[in-house]
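J.: Generate coordinates for the sequence data below:
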Amino acid sequence: MIIDNKFFPCIVRSQFKELGTDIDIQIVAGDEAQIVIANEDIQKIKKMYVDFTDIFSRFNPKSELSKLNKNLGTLQEASFHMREIVLQALKYNKETRGFFDPRILDVLERVGYADDFERGIRQLAKRSSVDGKEFVLNRDLAEDLKLKNDEVFFGARMDFSGIAKGYITDQIVKFLIEKKWQNFLIDSGGDIFMSGLDEEGEKWTVDVEGIDKNKLIFALSNRAITTSGIGKRRWEIEGKRMHHIINPKNPEQFSFDLKSVSVIADSTTKADVLAKTIFLMGKENGILYVREHELAVVMLDSRGSAWISSKAKELLI
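T.: All right, here's what the predicted structure looks like:
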């Protein structure tokens with residue numbers, strides 16, 4: 001536990017690793033008693049992250065996701081959070097016109113992302129028995145991902161990495177609100193939610209990686225910001241450049257015209273999905289989509305030039 005200063009209100013802060021990324025929890029405490037309570041709640045949050053990893057990690061062979069991926073074609077009992085993320089996945093698959101699709105696991109493994117990125121080795125896998133491109137394009141997600149009472153049906157192997165961090169962050173936010181905390185910041189490896197105000201009574205401020213903070217910084221309250229990009233998870237095999245953001249409409253194609261897309265929204269789940277969706281659309285189509293839906297978005301292209309939507313400009317300091 002770190003106390004940012006000895007005056008009140010102050011921030012009680014904890015930084016740790018989970019979900020294969022850096023987690024940062026900041027809670028604004030108003031007195032000594034709240035410091036104690038904040039520390040107790042942070043310990044509970046740490047356990048929540050561990051529990052969520054045990055549900056959604058594709059790198060843990062004992063996780064709930066891994067077990068479901070080994071039992072395709074039949075209804076299997078599922079936890080509350082697995083059932084919830086299935087509902088969210090089906091919803092966002094429709095809303096993004098298929099750009100969000102969790103059936104990308106075969107493709108990820110085939111192009112070299114079969115293990116933990118930091119510790120693993122990137123190498124091409126043998127082509128799966130089901131061609132990822134044809135499979136994703138020719139079958140509706142609702143045929144392969146179903147929910148019935150307390151059970152789920154996987155007709156294909158799933159990877160919820162495109163939505164899980166956002167969903168998990170929103171669950172932590174829900175926990176803190178239920179605990180009557182009003183002012184806090186949750187950062188799950190770049191999936192960030194800022195509630196209320198900081199210790200100085202001001203909106204939380206956040207910049208965008210790759211852009212000079214003297215030129216762009218947002219002031220946010222009760223909003224999420226998520227960045228999806230290829231700055232860290234990209235590789236080259238046999239002369240072909242690849243990255244982890246798979247396009248379900250064309251799994252063999254990897255776009256590099258954008259470095260990152262940042263989205264500000266009312267939930268981290270929504271921001272998480274939209275950031276990846278807009279990235280996959282590419283700069284031109286992404287700008288059209290952002291304008292059509294009046295979204296708060298920052299795009300950083302391959303040349304380092306930033307495009308900021310009008311809704312995002314309203315939130316700048």
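J.: Counting neighbours, which bits of stretch 160-174 end up buried?
T.: Of all the residues in stretch 160-174, those buried under the rule 16 or more other Cβ atoms under 10 Å are 160-173. Where you see a C-beta, it was placed from the backbone N, CA and C, and this is true even at glycine.
J.: I'd like the mean pLDDT over that stretch, please.
T.: In this model, stretch 160-174 carries a mean pLDDT of 95.
J.: before we move on, what about stretch 44-55?
T.: The model assigns stretch 44-55 a mean pLDDT of 97.
J.: Could you list the low-pLDDT ranges of the stretch 151-300 of the chain?
T.: Along the stretch 151-300 of the chain, the parts satisfying pLDDT under 70 run over 231-244, 246, 251, 253-256.
J.: Strands along that one, start to end?
T.: For the stretch 151-300 of the chain, strands defined by DSSP state E, counting those that start in this stretch occupy the ranges 151-154, 184-188, 191-195, 204-206, 218-220, 223-229, 234-237, 240-243, 258-265, 296-301.
J.: I'd like these laid out as a markdown table, including mean neighbour count and distance to Lys62.
T.: Compiled in a markdown table, the strands of the stretch 151-300 of the chain are given as follows (neighbours: other Cβ atoms under 10 Å; distance: least, Cβ to Cβ, whole Å):
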| stretch | mean neighbour count | distance to Lys62 |
| --- | --- | --- |
| strand 151-154 | 19 | 17 |
| strand 184-188 | 24 | 22 |
| strand 191-195 | 25 | 24 |
| strand 204-206 | 19 | 35 |
| strand 218-220 | 19 | 37 |
| strand 223-229 | 25 | 28 |
| strand 234-237 | 14 | 27 |
| strand 240-243 | 16 | 28 |
| strand 258-265 | 24 | 33 |
| strand 296-301 | 23 | 38 |
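J.: among those strands, which is nearest Glu18?
T.: strand 184-188 (8.4 Å; Cβ to Cβ).
J.: Given the closest one, what are its sheet partners and their directions?
T.: When pairing is defined by DSSP bridges, strand 184-188 lines up against strand 21-29 (antiparallel), strand 191-195 (antiparallel).
J.: Need the ones you listed in a markdown table (columns: distance to Phe7).
T.: Below are the strands paired with strand 184-188 laid out as a markdown table (distance: least, Cβ to Cβ, whole Å):
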| stretch | distance to Phe7 |
| --- | --- |
| strand 21-29 | 11 |
| strand 191-195 | 21 |
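J.: Which of those sits closest to Lys179?
T.: The closest approach between Lys179 and any of those, judged by Cβ to Cβ, belongs to strand 21-29 at 9.4 Å.
J.: In helices, which of the buried residues of stretch 160-174 fall?
T.: Using DSSP state H, the subset of the buried residues of stretch 160-174 located in helices is Ala164, Lys165, Gly166, Tyr167, Ile168, Thr169, Asp170, Gln171, Ile172, Val173.
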